[in-house]
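Peer 1: sequence below, structure please.
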Amino acid sequence: MAGIVERRLAGPLGVVQTLRSERQAIEHETVAGRAVRDQACERAKAVVGECYDVVWNRVGRPRIDTQLDLVFPGGIGAVVDGPADSLALRIGAVRDLLGRGLHPRIPADVVTTWSARLADEAAAVATAAEVVARTSARAHLAERAFFAVTRGVHGALTATKRDLKSAGLTEAAIHEIIPSRPGPRAADPAPGPVQS
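Peer 2: Predicted coordinates:
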């Protein structure tokens with residue numbers, strides 16, 4: 001009887017184990033990649049804040065300056081708030097606006113220095129976000145593969161039970177070899193009213 005079980009289930013169960021290990025490895029990569037991306041984002045946001053402070057100081061620290069609003073539409077919040085995946089694009093947009101010379105009191109050396117720093121930060125964020133996007137895509141596909149294989153294992157279990165019945169085993173004997181799946185867990189009772 002062990003030969004029937006081995007023949008039907010050894011291959012599919014090996015694939016399930018391999019996919020389970022791969023999913024765990026990808027999950028660790030994803031967590032590590034997100035940590036790197038988040039650090040890059042925080043560093044980039046700080047640089048955007050520094051850039052704004054330097055530019056604001058160089059144009060005379062105005063309370064209201066419509067020309068400065070053209071360079072930083074909505075202040076730095078419009079750049080630093082929002083999804084991490086598009087932070088590099090938002091930084092790039094501010095870098096482009098800074099380089100257009102929209103404000104006559106922003107000196108060329110400030111534009112050159114901060115354009116370079118913003119470009120470096122945008123590149124670092126984009127690279128880190130790309131790693132997360134790749135590992136997330138791999139995780140999605142590994143998850144789908146795992147469920148596809150488990151459906152295959154279910155089919156192999158059904159075929160194994162059929163083979164064992166054909167070999168003359170009773171249902172009880174088959175369940176000693178292949179246990180039934182556990183039933184659903186009982187739901188936790190709802191909490192009663194709080195007594196005061």
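Peer 1: show me where this structure has its strands.
Peer 2: Using DSSP state E, no strands are assigned anywhere in the chain.
Peer 1: pretty sure residue 121 sits against residue 44.
Peer 2: Yes: Residue 121 sits in contact with residue 44 when judged by C-beta atoms under 8 Å, with a separation of 3.9 Å. In short, each C-beta sits where N, CA and C put it, glycine included.
Peer 1: which parts of the lowest-mean-pLDDT helix or strand in the chain are buried?
Peer 2: Comparing helices and strands within the chain by mean pLDDT, DSSP states H and E singles out helix 171-177 as the least confident, with a mean of 83. Of the residues in helix 171-177, those buried under the neighbour-count criterion (16 or more other C-beta atoms under 10 Å) are residue 174.
Peer 1: if we can go back for a sec, anything in contact with each of residue 121 and residue 44?
Peer 2: When contacts are counted by C-beta atoms under 8 Å, 6 or more residues apart in numbering, the set common to residue 121 and residue 44 consists of residue 91.
Peer 1: neighbour count for those two, which is higher?
Peer 2: residue 44 (27 against 24; other C-beta atoms under 10 Å).
Peer 1: where does the chain dip in pLDDT?
Peer 2: Scanning the chain for pLDDT under 70 picks out 1-2, 181-196.
Peer 1: list the contacts of the most centrally placed residue in it.
Peer 2: With distances taken as C-alpha atoms, centre = their mean, residue 136 lies nearest the centre of the chain, 5.1 Å away. Contacts for residue 136 were tallied using C-beta under 8 Å, 6+ apart; they are residue 30.
Peer 1: how about residue 87, nearest residue that isn't a chain neighbour?
Peer 2: If the residues on either side of it in the chain are set aside, residue 87 comes closest to residue 125, at 5.1 Å by C-beta to C-beta, 6 or more residues apart in numbering.
Peer 1: just checking, that neighbour touches residue 37?
Peer 2: Yes: taking contact to mean C-beta under 8 Å, the distance of 7.3 Å between residue 125 and residue 37 places them in contact.
Peer 1: these two: who's more crowded?
Peer 2: Here residue 125 and residue 37 are compared on neighbour count by other C-beta under 10 Å; more neighbours surround residue 125, at 27 against 23.
Peer 1: overlap of the contact sets of residue 125 and residue 37?
Peer 2: When contacts are counted by C-beta under 8 Å, 6+ apart, residue 125 and residue 37 have residue 84 as shared neighbours.
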